[in-house]
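S.K.: no sequence on this one, just coordinates:
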């Protein structure tokens, strides 16, 4: 067989199309995830989607002390940070699945991922 640049170009285009479809699927998957971050032993729960969009905030009434609003603010920030860190991990795992599917499980060197 001889080398045909057009065949290689077609293969590259197919691979790009498959990667784009996989990325779209990953984005839909992440958007549908609901990830809860908590603080204060569950006194504050912040829920975000896998694509980092805030969904809800739930506050236990016992966590509300009008004389100490600062603590409640800290709990909300801690819960939000927890939720976003979990969303980052979910996104990283989804990206690894996309790359693994696109490369047939072959690990790529750093910098060659999505």
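M.R.: Received the coordinates, thanks. Keep in mind that what you see is a predicted model, and the values were worked out from it rather than measured.

S.K.: Give the buried residues for the host helix or strand of residue 15.
M.R.: Following DSSP states H and E, one finds residue 15 within helix 5-32. Within helix 5-32, the residues scored as buried using 16 or more other Cβ atoms under 10 Å are 19, 22, 26, 29, 30. Quick note: C-beta positions are derived from backbone N, CA and C, even for glycine.

S.K.: any idea of the angle the top helix by length along the chain forms with helix 5-32?
M.R.: For the chain, the longest helix by residue count, based on DSSP state H, is helix 69-103. Orientation of helix 69-103 against helix 5-32 (axes from the mean of the first three to the mean of the last three Cα atoms, to 10 degrees) gives an angle of 150 degrees.

S.K.: hmm, which two among the buried residues of helix 5-32 are most spread apart?
M.R.: Using Cβ to Cβ, the two most remote members of the buried residues of helix 5-32 are 19 and 30, lying 16.2 Å apart.

S.K.: I'd like to know which of the buried residues of helix 5-32 is nearest to residue 61.
M.R.: Distance to residue 61, by Cβ to Cβ, is smallest for residue 30 among the buried residues of helix 5-32, at 32.2 Å.

S.K.: Nice, that's everything, thank you.
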